[in-house]
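>>> 3D model of this:
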Amino acid sequence: MMKNLLPKILVAVSAVVLWLLIVTGQQNISVIDIPMSIYEPRPDKILGEPLPKKIKVRVEGTVRSFYFHKWIESSSLILDVGTINDIQRLSLKSYFRERPNQVHIKSDMRFLEVVYPDSIEIFIDNKVSKEVPVRIISDIRVRPGYILVGEAKTSPVRIQGPEHYIKTIDHIVTRPIKREQADMTFTVNVPLVNPNPELVTLEPEFADIRFDIEMIGERTILNVPVTVKNQPGDLEIQFIPNTVSLRITGGNSQIQSLTNHDFNVHFDYLTQWLPNKNHYTVKINKPPEVLDIIRVVPDQVEVVVVRKSPR
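Numbering: from 1, shown residues only. Modelled structure (predicted):
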């Protein structure tokens with residue numbers, strides 16, 4: 001039984017294969033998409049606006065060749081813009097009909113004509129480059145008892161592209177960086193956002209960004225002098241005591257390097273002085289490294305105002 005069935009199966013399979021070869025070998029005319037590549041031989045020129053990446057063309061070929069074209073894109077159209085200096089309207093239909101050597105298609109296909117777009121506007125601009133700063137987009141949340149110290153920074157990036165577009169760019173941003181419950185310093189390699197990948201190139205395309213995270217510490221700064229602001233020329237102002245101590249909090253390593261000269265403790269005569277008041281709370285300008293000033297000793301100082309003797 002099996003011996004009689006096998007020859008019949010082979011005949012049927014052979015017939016189907018033969019039929020497929022005949023059918024797929026028939027000539028046909030169809031419209032397909034072919035990639036268009038741009039050739040610009042001048043190092044100081046570049047496209048000012050993007051052009052279509054694919055062009056619809058009418059070609060003749062076997063059914064089999066159209067099938068394989070969908071899976072293997074070996075065809076291309078090459079557009080040479082090396083002779084264009086400004087803006088020019090170009091008929092693609094005429095251009096590729098007159099330049100068959102710039103039409104690369106499979107050997108079993110024949111190029112007939114461009115279908116769409118039949119014409120394009122080409123804008124050629126000067127190729128320029130410049131350095132711009134990188135703006136870091138981040139949302140870093142630290143664990144309780146920790147602080148993000150300093151400001152994360154990275155080197156500028158070099159951008160290159162058409163002059164009319166490059167001059168409008170004053171910075172580049174990073175992809176958003178997010179971290180929850182951070183409790184130690186970390187570095188991330190983050191992509192930079194290209195504002196127009198079709199026209200602009202970035203160098204580099206990634207940035208290494210360091211976020212310094214420290215445990216919050218406390219420290220006392222002793223003998224910070226009290227000064228006067230907006231002192232009238234005919235008055236002499238003295239303070240009792242003339243120094244204060246500050247209990248501060250901040251990132252451990254940063255607050256350890258601070259001295260009493262990093263703080264501005266002052267009494268503002270213009271806004272604070274009252275004739276019948278002797279004791280005042282001082283004003284304090286703290287450096288950015290300080291998270292908070294949790295105590296001032298003493299919390300008030302006595303202000304003694306004496307009019308200067310005329311000379």
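>>> Is the closest residue to residue 214 other than its chain neighbours bridged to anything, and to what?
Of all residues not flanking residue 214 in the chain, residue 251 sits nearest, at 3.7 Å (C-beta to C-beta, 6 or more residues apart in numbering). Glycine gets a C-beta too; all of them are placed from N, C-alpha and C. Legend: beta-bridge partners of residue 251 under DSSP bridges are residue 216.
>>> Quick one, grab the pLDDT at residue 251.
pLDDT, residue 251: 88.
>>> do the same with residue 114
88.
>>> Report the strands that pair with the helix or strand where it lies, each with its relative direction.
Residue 114 is part of strand 109-116 when elements are defined by DSSP states H and E. Here strand 109-116 is paired, per DSSP bridges, with strand 54-62 (antiparallel).
>>> residues of the strand it pairs with that come out buried?
Residues 55, 57, 59, 61, 62 are the ones in strand 54-62 that count as buried (16 or more other C-beta atoms under 10 Å).
>>> circling back: quick check: buried residues in the strand holding residue 114?
Judged by neighbour count using 16+ other C-beta under 10 Å, the buried positions of strand 109-116 are 109, 111, 114, 115.
>>> quick check, nearest of those residues to residue 153?
When the buried residues of strand 109-116 are ranked by distance to residue 153 (C-beta to C-beta), residue 114 comes first, at 50.8 Å.
>>> related to what we said a few turns ago, considering the buried residues of strand 109-116, which is situated nearest to residue 283?
For the buried residues of strand 109-116, the nearest to residue 283 is residue 114 (75.7 Å; C-beta to C-beta).
>>> quick one: the closest residue to residue 111 other than its chain neighbours from residue 224, how far?
Leaving aside its chain neighbours, residue 111 sits nearest to residue 103 (4.8 Å; criterion: C-beta to C-beta, 6+ apart). To residue 224, residue 103 is 81 Å away according to C-beta to C-beta, to the nearest Å.
>>> what's the answer for residue 182, then?
In terms of C-beta to C-beta, residue 182 sits 32 Å off from residue 224.
>>> got it, and residue 233?
According to C-beta to C-beta, residue 233 and residue 224 sit 26 Å apart.
>>> More neighbours: those two, which one.
residue 224 (20 against 5; other C-beta atoms under 10 Å).
>>> The closest residue to the more buried one other than its chain neighbours and residue 301: what is the separation?
Excluding the flanking residues, the one nearest residue 224 by C-beta to C-beta, 6+ apart is residue 260, at 4.4 Å. Residue 260 is 15 Å from residue 301, where distance means C-beta to C-beta.
>>> Just want to know which of the two has more residues nearby.
For the pair residue 260 and residue 301, the greater number of neighbours falls to residue 301 (22 against 15), based on other C-beta under 10 Å.
>>> quick one, what contacts that one?
Shown in contact with residue 301 (C-beta atoms under 8 Å, 6 or more residues apart in numbering): 226, 239, 240, 241, 242, 244, 267, 279, 280, 282.
>>> Kindly recompute the last result at 10 Å.
Contacts for residue 301 were tallied using C-beta atoms under 10 Å, 6 or more residues apart in numbering; they are 226, 238-244, 265, 267, 278-282.
>>> any idea how far it lies from residue 283?
Residue 301 sits 11 Å away from residue 283, going by C-beta to C-beta.
>>> list the residues that contact both of the two?
Any residue near both residue 301 and residue 283 by C-beta under 10 Å, 6+ apart counts here, and that gives 226, 265, 267.
>>> Now which of those would you call buried?
Among the shared contacts of residue 301 and residue 283, those scoring as buried are 226, 265, 267 (criterion: 16+ other C-beta under 10 Å).
>>> which residues pair with the second one across the strands?
What it means is residue 265. Under the criterion used (DSSP bridges), residue 265 bridges to residue 226, residue 284.
>>> Hmm, it is touching residue 280, no?
No. With contact defined as C-beta atoms under 10 Å, residue 265 does not count as touching residue 280 (11.6 Å).
>>> what do those two both touch?
With C-beta under 10 Å, 6+ apart as the test, residue 265 and residue 280 both reach 226, 239, 301.
>>> lowest-pLDDT helix or strand in the chain?
None of the helices or strands of the chain scores lower by mean pLDDT, DSSP states H and E than helix 2-24, at a mean of 52.
>>> Give me the sheet partners of the next helix or strand after that one and which way each runs.
With elements assigned by DSSP H and E, the helix or strand that comes after helix 2-24 is strand 27-39. Strand pairing for strand 27-39, using DSSP bridges, gives strand 54-62 (antiparallel), strand 76-80 (parallel).
>>> Ok, which of these comes nearest residue 292?
That would be strand 54-62 among these, by C-beta to C-beta, at 60.5 Å.
>>> if I pick the residue nearest to residue 224, what's in contact with it?
221, 222, 223, 224, 225, 243, 244, 245, 246.
>>> Mind giving me the PyMOL command for buried ones among these?
Applying 16+ other C-beta under 10 Å to those, the buried members can be selected in PyMOL as follows:
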select buried, resi 221+224+244+246
